[in-house]
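>>> After the sequence you'll find the predicted model.
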Amino acid sequence: MAWFKRTDKGIKTSTEEKKDAPDGLWFKTPQGNIIHTRELKNNSYVCPDDDYHVKIGSKEYFEILFDNNQFKELDANMTSGDPLNFTDSKPYPARIEATIKKTDLKDAVRSAVGKIDGQDIVIACMDFNFIGGSMGSVVGEKIARAIDHSLKNKIPFLMISKSGGARMMEAGFSLMQMAKTSAKLSLLDDAKIPYISLLTDPTTGGVTASYAMLGDFNIAEPGALIGFAGPRVIRETIGKDLPKGFQSSEFVLEHGFLDFIIDRRQLKSRLSTLLRLLKN
């Protein structure tokens, strides 16, 4: 019965020497499903057990979409100024500097030119980790310049939105980006160059009220929050309970504001097919 008795020959690892599993090795979805991060990455950051789309940024979207992750980044070093000398809990420039160090991003959008299945495309992708993906002067300017690149080279433009809205630290300068980007997109329309808008979780505020909803095709990922004001604000304003699934991409599609919803695992192939259809 020695199997059931502790002996002195067992493993003797001190508490100090025991090591936990590395952080980030596993991911748990809101539904409670657990998946290894390597498998998650290989599955385009979608959990296969419940189809939960993990929130990702420009780095991951570029890896998924650009052929062999090869692209040329546009205006990579553009950073925000402080036109209003804004100070809240800390000066705006200090917050920008701290966020750059924390995220290794220059601002809330990156733009690049590359190929999807051999087809040229310009992609601008927002990053929510940079001050909530807020739209400031740099975001508007980089999107405008990305559109200019599409116009100059006559290649399609894809905008991937993920934002909490306008950046309060730039006030009116931020709101001006709505008109600026919308005007630029009208030039794409005049030139008959395709513009595809992909709305991801969340897409809200002034971004929704401008370039995110102006695509020749407006598409979204499953379960994304899409709207202008948040559900709580709307509920308190109208004094009524909101419909089930209100402001989800499925709800928005049902009410005619989206063309279709696309699973991220099929995103590249579906975009490639759409680009070929538009080209022909």
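Alright, I've got the coordinates.
>>> Distance check, Leu198 against Phe66.
14 Å (CB to CB, to the nearest Å). Using the backbone N, CA and C atoms, a C-beta is placed for each residue, glycine as well.
>>> More neighbours: which of the two?
Comparing Leu198 with Phe66 by other CB atoms under 10 Å, the one with more neighbours is Leu198, at 26 against 19.
>>> Break down this structure into its strands, ranges please.
26-28, 34-36, 71-74, 109-116, 119-126, 157-163, 195-203, 217-220, 260-261 (DSSP state E).
>>> The stretch 51-200 of the chain: helices as residue ranges?
Per DSSP state H, counting those that start in this stretch, the stretch 51-200 of the chain carries helices over the ranges 58-65, 92-103, 137-153, 171-190.
>>> Dump those to CSV, plus mean pLDDT.
Listed next are the helices of the stretch 51-200 of the chain as CSV, based on pLDDT from 0 to 100:
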stretch, mean pLDDT
helix 58-65, 98
helix 92-103, 95
helix 137-153, 98
helix 171-190, 96
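>>> now the ones you listed in a markdown table, with distance to His255 and mean neighbour count?
Converted to a markdown table, the helices of the stretch 51-200 of the chain look like this (distance: least, CB to CB, whole Å; neighbours: other CB atoms under 10 Å):
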| stretch | distance to His255 | mean neighbour count |
| --- | --- | --- |
| helix 58-65 | 26 | 19 |
| helix 92-103 | 34 | 15 |
| helix 137-153 | 26 | 20 |
| helix 171-190 | 22 | 16 |
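>>> want to throw the ones you listed into JSON lines with distance to Leu253?
What follows is the helices of the stretch 51-200 of the chain, written out as JSON lines (distance: least, CB to CB, whole Å):
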{"stretch": "helix 58-65", "distance to Leu253": "21"}
{"stretch": "helix 92-103", "distance to Leu253": "31"}
{"stretch": "helix 137-153", "distance to Leu253": "24"}
{"stretch": "helix 171-190", "distance to Leu253": "22"}
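>>> out of these, nearest to Ser272?
Closest to Ser272 of the helices of the stretch 51-200 of the chain, according to CB to CB: helix 58-65, at 9.4 Å.
>>> Please work out which residues outside the closest one touch it.
The contact list for helix 58-65, computed with CB atoms under 8 Å, 6 or more residues apart in numbering, reads 44-45, 69, 71, 105, 109-110, 112, 114, 116, 123, 125-127, 158, 160, 264, 267-268, 271.
>>> Could you list the single helix or strand in this structure with the lowest mean pLDDT?
Across the helices and strands of the chain, mean pLDDT, DSSP states H and E gives its lowest value to helix 231-238, namely a mean of 87.
>>> Contacts for it, please.
Outside helix 231-238, the residues within contact range by CB under 8 Å, 6+ apart are 227, 229, 241-242, 246-247.
>>> OK, contacts around the residue sitting nearest the centre point of the chain?
Nearest residue to the geometric centre of the chain (CA atoms, centre = their mean): Lys162, 4.0 Å. Counting by CB under 8 Å, 6+ apart, Lys162 touches 55, 57, 125-128, 133, 200-203.
>>> ok, now how distant is it from Phe128?
Taking CB to CB, one finds Lys162 at 5 Å from Phe128.
>>> list residues touching both of these two?
Counting by CB under 8 Å, 6+ apart, the residues touching both Lys162 and Phe128 are 55, 57, 202.
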